[in-house]
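Participant: model the following, please.
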Amino acid sequence: MTPHLFRITMYYIYILKSCKLSDKLYIGYTNNVVRRLKEHNLGESLHTNKYKPWKIIYLEGYANQDDAKERERQIKHFGKTYKQLKRKIKRSLQS
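Facilitator: Now for the predicted structure:
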């Protein structure tokens, strides 16, 4: 097996849930989920600082960055898509 096959960069859309206010969610995308969650919880994002700490409740992975960006946009800007996803992860939203 060729070593370069293991260096695939993945891009993820993620949904965070505030541990402070359970109805607060945040949707984003990144190629490094651990780093990004740490940044949110350290207050390095203006949009999420007020409701930290955060936990990840949902991830979707993509091999292509544009696919991840498009999916993030769909979820953020199309209410029907967001509502369908929330139904899909209803137990994660409750935890």
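Participant: gap between A68 and S92?
Facilitator: With the distance defined as CB to CB, to the nearest Å, A68 ends up 20 Å from S92. Using the backbone N, CA and C atoms, a C-beta is placed for each residue, glycine as well.
Participant: settle it for me: which of these two has more neighbours?
Facilitator: Neighbour count, other CB atoms under 10 Å: between A68 and S92, A68 has more, with 22 against 14.
Participant: give the burial count for the closest residue to the more buried one other than its chain neighbours, as a bare number.
Facilitator: Residue nearest to A68 in three dimensions, not counting chain neighbours: Y11, with 3.6 Å by CB to CB, 6 or more residues apart in numbering. Neighbouring residues of Y11 were enumerated by other CB under 10 Å; the total is 21.
Participant: in this structure Y11 contacts N32, no?
Facilitator: No: applying CB atoms under 8 Å as the test, Y11 and N32 come out as separate, 9.6 Å apart.
Participant: what mean pLDDT does the longest helix seen in the chain get?
Facilitator: Counting residues, the longest helix in the chain under DSSP state H turns out to be helix 65-77. Helix 65-77 shows a mean pLDDT of 95.
Participant: go through whatever helix or strand comes next after it and flag the buried ones.
Facilitator: If you walk from helix 65-77 toward the C-terminus, the next helix or strand you reach (DSSP states H and E) is helix 79-88. The neighbour-count criterion (16 or more other CB atoms under 10 Å) identifies 82, 85 as the buried residues of helix 79-88.
Participant: show residues contacting helix 79-88.
Facilitator: Taking contacts as CB atoms under 8 Å, 6 or more residues apart in numbering, the residues outside helix 79-88 that touch it are 15, 58, 74-76, 93.
Participant: show residues contacting whichever helix or strand comes after that helix.
Facilitator: In the C-terminal direction, the helix or strand that comes right after helix 79-88 (DSSP H and E) is helix 90-94. Outside of helix 90-94, the residues that reach it under the criterion CB under 8 Å, 6+ apart are 17, 25, 57-58, 86.
Participant: quick check, distance from helix 90-94 to the centre of its chain.
Facilitator: Centroid separation for helix 90-94 versus its chain: 15 Å, with CA atoms, centre = their mean, to the nearest Å.
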